[in-house]
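Undergrad: model this:
(2 chains)
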Amino acid sequence: MSEQDISPRASVLLVEDEAIVAVTLKRALEMAGYAVPKVVSRGAEVAAAVKETEPDAIVMDILLADQVTGIEAAQCLRSFSHVPIVFVTGYPQAEILEEVGRIRGTRILTKPVPTSLVIEIIESELSRV
Amino acid sequence: MTKLFRPRAGLCAALMLPLPVIVFPPGIHAQVAFGSLESVANYPVPTPWVAGGLLLAALIVGLLAAAGFRMRKPPATATEDLSLVLGTIQKLNHMAADAGNEEELAGHACDIIVGTGACEKAWISLTDATGTVWATLRATRGTLSPPSAGEPHTLREPLEHHGRLYGYLILALPQGGSLRPGAAQLFTAAADEIAYGLHGLYLSRERDRLQGLLEDAMIIVESSPMVLFRWNARDGWPVDYVSGNIRRFGYEPAELTSGAIVYRDLVYPGDRDYLEKKVAQHFRDAPGNFVTRYRVVRADGAVRWVEDRTTISVDEIGSVTKLEGIVFDVTDEVESRERLKAAVKQRETLLQELYHRTKNNMQVIASMVALRNMSVTDPQAQGILREIENKIYAMALVHSKLYQSGDISQLSLDEYLAELAQLVLESHEDAAERITVSTDTEPVSCLIDTAVPLGLVVAELLTNSLKHAFPDRRPGRLALRLRRSDSGEIILKVRDNGVGFPAGASPTQPDTLGLQTVRHIVELQLGGSLRAESSDGILWHLAIPPETYDRRV
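TA: From the prediction side, this is the model:
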């Protein structure tokens, strides 16, 4: 996919507390033509980051650096934003899948996941908007 | 002690009198009928003293009446005969009361009968329940030789009472075989009396035996944790009976049976409503047995778990007549089960946490490889890094499948390999557009120790096909076939319909590092075999013996 396909340049907010994973995803997304204006590692920072950067999509881990989970952050977001969220987690318990299923506009991928697959899912989410 | 009377058909026959008219007034007869209903548990030893007295009176009345009715003989002779019968019966009756055992009774009975002069010899064969003779007692008149079986001129009377046969009374008649008047009746009445005595001894012994069994059973109950209860189906379940081992809970049986403490008081307050509802539900829906567990409070205040197995009996209109059951302490079992549950839960949580961390770490490793790949420009290096990244995903997929299987060490190999094939295909640039993968599998589960190396082998073989079998972006097909043989071997076939091995390449001696690794894993690590066929592409045959590894978790 080339940059011309996404017009104007779509932006993705990354919520990931594992630095290497975050950097890899950031670079892969940028190479695929997305803007990654901000990377946050704490659930409590998500709402402010969304208000600040107004992303077209969010890629978010579930267990983060603070006590606020990605799911809680997403529930909070839904009060003011419908931005698509792609969860990436190493904890695919049934309860977590269920909770994610109850939040509109979300997808979930299980770690480890190739960056190419994350990008593919973001593309499909954005094409639905 | 209950007085035991019985109408004796044999004696009545001897007297040739209509029983109700002569022997007993109607009231006494009714008592006789009632007394003859046997209950082994409270059946008394016959009390011939009292019975005999009444019987004697009746006999005398009967005797006089009989004398009046029997006109064939002069009254004096009839009286004499009947006196003989009466006297003999009385002697037998007294003797039976004193006899300590069957042999003593039979021996004395023979003496008494021979002593009447009505026969020359008398002997009694005592038989057991199978009819086998276990003792023979005899008596002979004067100096005559002892009697022997089969002797002519003998009479045989069965010694039978209430359907039980105790043996036979055998009598040798005087020479010539003629019976003196009244003798036949005497013998019948005597046999009846002896049988009655033997029956009394049997019942006495049976009562002692049952009493002993009951005492033994109570000793077992008292020394067991099973507390026997009989409750009244009234408010609070007052206790009718409780076995002595209620002391295990610190209570005296009398405290409960006196009503000072009702059963509800024993039940832990937090469980009373539960138990009341449970009992009410059984009263209403399902009389019979019910089993439940709740807590009781011991006299010292300690709370213990008990299991209660109660039988509810109801009458024909559905009213509860009895509540009987056992209650026993199951605290240790309940507590150890709780501990076990907690331990299992903790173990599962730890393992899940471990798998999750493993997967997160794999993500970090894969990310590092991917990140490095972004900064190299050499296509060969990029390809190598991508392969390494793919292998990490192949291994990580095992953990995902393991997690989904609900088992912590076994997973579904067929599902794993099917997903792995798809993953390999998708990770090769544009391969998914021109190559298809088909899978033909049956459910095969295996340990993670087998699945991981086998996954690496399959990933390598598929990658090899994707890299070399379809040059010039030609379309093609990959196929996986998985079976478990009857002997437990995992049989796996991996096929492509590509260009086959290049000329001069040997599938048995591969020169690429990837295929050498495959051979190494299959043969050395999994103890299996690998061979390749080259016709219309390449077909790999893998046979892996039943689990090389033992289950570890």
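Undergrad: what separates B:Glu120 from B:Leu155, distance-wise?
TA: For B:Glu120, the distance to B:Leu155 (CB to CB, to the nearest Å) stands at 11 Å. Quick note: C-beta positions are derived from backbone N, CA and C, even for glycine.
Undergrad: tell me, what's touching those two both at once?
TA: Each of B:Leu173 lies in contact with both B:Glu120 and B:Leu155 under the rule CB atoms under 8 Å, 6 or more residues apart in numbering or on different chains.
Undergrad: Could you point out which residue ranges in the chain have low pLDDT?
TA: Assuming you mean chain A. Along chain A, the parts satisfying pLDDT under 70 run over A:1-8, A:129.
Undergrad: other chain: chain B
TA: Applying pLDDT under 70 to chain B flags the ranges B:1-78, B:142-153, B:175-178, B:181, B:286-287, B:405-406, B:506-511, B:548-553.
Undergrad: Please identify the helix or strand for the residue of the stretch 451-553 of chain B found nearest chain A.
TA: At 13.5 Å from chain A, B:Ala459 is the closest residue in the stretch 451-553 of chain B, using CB to the nearest CB. Using DSSP states H and E, B:Ala459 falls within helix B:448-468.
Undergrad: Kindly point out the strands partnered with the helix or strand following that helix and how each is oriented relative to it.
TA: Once helix B:448-468 ends, the next helix or strand along the chain (criterion: DSSP H and E) is strand B:476-484. The partner list of strand B:476-484 in its sheet, established with DSSP bridges, is strand B:435-441 (parallel), strand B:490-496 (antiparallel).
Undergrad: Would you mark the buried spots in whatever helix or strand comes next after the last one?
TA: Counting by DSSP H and E, the element after strand B:490-496 in chain order, helix or strand, is helix B:513-519. Within helix B:513-519, the residues that qualify as buried are B:Leu515, B:Val518, B:Arg519, counting by 16 or more other CB atoms under 10 Å in any protein chain shown.
Undergrad: what pairs with the spatially most central residue of chain A across the strands?
TA: Ranked by distance to the mean C-alpha position of chain A (CA atoms, centre = their mean), the top residue is A:Val59 at 1.2 Å. For A:Val59, the beta-bridge assignment (DSSP bridges) gives partners A:Leu14, A:Val86.
Undergrad: and it, what does it touch?
TA: For A:Val59, counting by CB under 8 Å, 6+ apart, the contacting residues are A:Val12, A:Leu13, A:Leu14, A:Val15, A:Glu16, A:Leu25, A:Leu29, A:Ile85, A:Val86, A:Val88, A:Val118, A:Ile122.
Undergrad: From B:Gly288, how far off is B:Val239?
TA: According to CB to CB, B:Val239 and B:Gly288 sit 21 Å apart.
Undergrad: got it, and A:Val88?
TA: Separation of A:Val88 from B:Gly288 (CB to CB): 58 Å.
Undergrad: Next, B:Val169: secondary structure please.
TA: For residue B:169 the amino acid is Leu, not Val. The three-state label for B:Leu169, taken from DSSP: H, G, I helix; E, B strand; the rest coil, comes out as strand.
Undergrad: go on, A:Ile108?
TA: Per three-state DSSP, the secondary structure class of A:Ile108 is strand.
Undergrad: Please verify my assumption that it contacts A:Leu97.
TA: Yes - A:Ile108 is in contact with A:Leu97 according to CB atoms under 8 Å; the separation is 6.5 Å.
Undergrad: who's more crowded, the two?
TA: Here A:Ile108 and A:Leu97 are compared on neighbour count by other CB atoms under 10 Å in any protein chain shown; more neighbours surround A:Ile108, at 19 against 14.
Undergrad: and the closest residue to B:Gly514 other than its chain neighbours, what is it in contact with?
TA: Nearest residue to B:Gly514, sequence neighbours excluded (CB to CB, 6 or more residues apart in numbering or on different chains): B:Glu460, at 5.0 Å. Contacts here follow CB under 8 Å, 6+ apart; on that basis B:Glu460 touches B:Gly514, B:Leu515, B:Thr517, B:Val518.
Undergrad: Alongside chain B, which residues does chain A contribute?
TA: Residues of chain A lying near chain B by CB under 8 Å from any CB of the partner chain: A:18, A:20-21, A:23-25, A:27-28, A:31, A:90-93, A:110-117.
Undergrad: Helices - which of the residues you listed land there?
TA: Taking DSSP state H, the ones among these that sit in helices are A:Ile20, A:Val21, A:Val23, A:Thr24, A:Leu25, A:Arg27, A:Ala28, A:Met31, A:Thr115, A:Ser116, A:Leu117.
Undergrad: In PyMOL, select just the buried ones from these.
TA: Buried residues within those, by 16+ other CB under 10 Å, are selected in PyMOL with:
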select buried, chain A and resi 20+21+23+24+25+27+28+115+116+117
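Undergrad: Next, format the ones in helices among the residues of chain A next to chain B as TSV and append distance to B:Asp265.
TA: Below are these laid out as TSV (distance: CB to CB, whole Å):
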residue	distance to B:Asp265
A:Ile20	67
A:Val21	64
A:Val23	71
A:Thr24	70
A:Leu25	68
A:Arg27	75
A:Ala28	73
A:Met31	78
A:Thr115	70
A:Ser116	72
A:Leu117	67
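Undergrad: So which of the ones in helices among the residues of chain A next to chain B is the closest to B:Pro471?
TA: Compare each of these with B:Pro471 using CB to CB and the shortest gap goes to A:Ser116, at 23.5 Å.
Undergrad: Now do the contacts for the closest one.
TA: A:Ser116 makes contact with A:Ala28, B:Glu426, B:Ser427 under the criterion CB under 8 Å, 6+ apart.
Undergrad: about what we covered before: if I pick the spatially closest residue to the residue of the stretch 451-553 of chain B closest to chain A that is not a sequence neighbour, what's in contact with it?
TA: Of all residues beyond its chain neighbours, the one nearest B:Ala459 is B:Ala394 (4.4 Å), with distances taken as CB to CB, 6+ apart. In this structure, B:Ala394 makes contact with B:Leu420, B:Leu423, B:Val424, B:Gly455, B:Leu456, B:Ala459, judged by CB under 8 Å, 6+ apart.
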